[in-house]
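Enquirer: Pasted the sequence and its predicted model underneath.
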Amino acid sequence: MFIADTHCDTLFAMGVMNVPAERLMVTPDKMRRGGVSLQTLALWTGSKGNRGDVAGIVEKELAALPELTNAGLRKVDDPAEALTSETPCVMLSVEGGEVFEAGTDAVDAYRGLGVRMAALLWNNENAIGYPAKSGDPRGLKPYGLEVVRRMQAVGMAVDTSHLNEAGFWSILNETPLPPLASHSCCKSLCDHFRNLTDGQIRALIERGGYIGVNFYPAFLSGSGEADAVRVAEHIDHICQLGGAAIVGFGSDFDGIETTPSDLRGADEIPNLLNALRRRGYDEQTVEGIAGKNLLSYFERIRP
């Protein structure tokens, strides 16, 4: 089975925080044991956004990548390459559009590094727009729309996780291609500012976007506790709205301080697959959710 995960912070954990291998949620061995075919690795710009050392942080994250590839993971620039790979694969993303603030040429530069998706911001305002955490009612800034259009032109998925709702609608209403939410959950099941409303979910379904459901218990449950069954409930909610073909996994591994009780790392992904099966999903649908939906999404946004 092809299994894909659209978000983890493993490179930050390795390159900036120096987390020892035995404490990482994503490792080559755990990917193999969990059957994970493709893991997206975020280049996070850091908690201070453009007030921090963005270039230095990204440099450290990129310097950590060879530790994974030397351990047998294959870096790919296209998700489809992972479908036929004999070894587990990794693909780069960006979390924080601060890397694009110098000009839209930076989008091309990161695309050249193999980055195939980019979250426009984290929890800080930047030159692109406003974070969900702020509650700001304004849409994307004019420069933000320039960045989005350039991303779409070069085949880089526009990631709306962490973006405020008005910015989300700017992308849906003012640009031609559908975005994704790489690591987000359902607001109707857990009322958190980081989660997607049913209206946003329906819009992504209608436009052919993609949602990677986050494993962070705080986004999954008001109690702050969760298991694979609870993750499956968020996936099921999206499916009940008509999104069985646009939903998948966006674990946020190595970027969350707590995990579902039985989803503590990439090796335990089979627990989520089994939770979906027990919920009544047939194998074809499970295969789509596990990873094939992501492949279809990238075909839809291919320039």
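Expert: Ah, there it is. In this text the structure is predicted, and so the values were computed from the model without any measurement.
Enquirer: End to end on stretch 101-109, go ahead and measure it.
Expert: For stretch 101-109, the first-to-last residue distance is 13 Å (Cα to Cα, to the nearest Å).
Enquirer: how distant is it from the center of its chain?
Expert: 21 Å (Cα atoms, centre = their mean, to the nearest Å).
Enquirer: How about residues contacting that stretch?
Expert: 50, 99-100, 118, 126-128, 146-147, 150-151, 154, 156 (Cβ atoms under 8 Å, 6 or more residues apart in numbering). In this view, the C-beta of every residue, glycine as well, is placed from N, C-alpha and C.
Enquirer: Looking at the residues you listed, spot the one nearest residue 262.
Expert: residue 118 (31.0 Å; Cβ to Cβ).
Enquirer: Now go through the contacts of stretch 101-109 and say which are in strands.
Expert: residue 118 (DSSP state E).
Enquirer: Just the buried residues of the contacts of stretch 101-109.
Expert: 50, 99-100, 118, 126-128, 146-147, 150-151, 156 (16 or more other Cβ atoms under 10 Å).
Enquirer: if I pick residue 299, what's in contact with it?
Expert: With Cβ under 8 Å, 6+ apart, residue 299 has these contacts: residue 80.
Enquirer: Just the element for it, please.
Expert: helix 293-300 (DSSP states H and E).
Enquirer: can you give me the strands for this structure?
Expert: Under DSSP E, the chain gives strands at 4-5, 38-44, 74-75, 89-95, 115-119, 157-159, 180-181, 210-213, 247-249.
Enquirer: Distance from the chain centre to the helix holding residue 299, please.
Expert: Distance, centroid of helix 293-300 to centroid of chain: 14 Å (Cα atoms, centre = their mean).
Enquirer: Sort out which residues of that helix are buried, please.
Expert: Buried residues in helix 293-300 (16+ other Cβ under 10 Å): 293-295, 297-298.
Enquirer: which intervals of the stretch 201-303 of the chain have sub-threshold pLDDT?
Expert: Within the stretch 201-303 of the chain, no range satisfies pLDDT under 70.
Enquirer: same thing with the stretch 51-200 of the chain?
Expert: Using pLDDT under 70, nothing in the stretch 51-200 of the chain is flagged.
Enquirer: Now render the strands of the chain as a markdown table, adding distance to residue 12.
Expert: Formatted as a markdown table, these follow (distance: least, Cβ to Cβ, whole Å):
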| stretch | distance to residue 12 |
| --- | --- |
| strand 4-5 | 16 |
| strand 38-44 | 5 |
| strand 74-75 | 17 |
| strand 89-95 | 9 |
| strand 115-119 | 13 |
| strand 157-159 | 16 |
| strand 180-181 | 20 |
| strand 210-213 | 18 |
| strand 247-249 | 19 |
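Enquirer: which stretch among those strands comes nearest residue 170?
Expert: strand 157-159 (10.6 Å).
Enquirer: which residues are in contact with that closest one?
Expert: Contacts for strand 157-159 (Cβ under 8 Å, 6+ apart): 93, 95, 116-120, 148, 151-152, 171, 175, 177, 179-182, 210, 297-298, 301.
Enquirer: what's the answer for stretch 225-243, then?
Expert: Taking Cβ under 8 Å, 6+ apart as the rule, stretch 225-243 contacts 185-186, 188-190, 198, 201-202, 204-205, 211, 213, 215, 217, 220-221, 244, 246-247, 260-263, 268, 271-272, 274-276, 279, 281, 285, 289.
Enquirer: What remains of those if I keep only buried residues?
Expert: By 16+ other Cβ under 10 Å, the contacts of stretch 225-243 give 185-186, 189-190, 201, 204-205, 211, 213, 215, 217, 220-221, 244, 246-247, 260, 262-263, 268, 271-272, 275-276, 281, 285, 289 as buried.
Enquirer: Let's see which of those residues end up in helices.
Expert: 201, 204-205, 217, 220, 271-272, 275-276, 285 (DSSP state H).
Enquirer: what about the residue most central in space within the chain, distance to residue 284?
Expert: For the chain, the residue nearest the mean C-alpha position is residue 182 (2.6 Å; Cα atoms, centre = their mean). As judged by Cβ to Cβ, to the nearest Å, residue 182 and residue 284 stand 24 Å apart.
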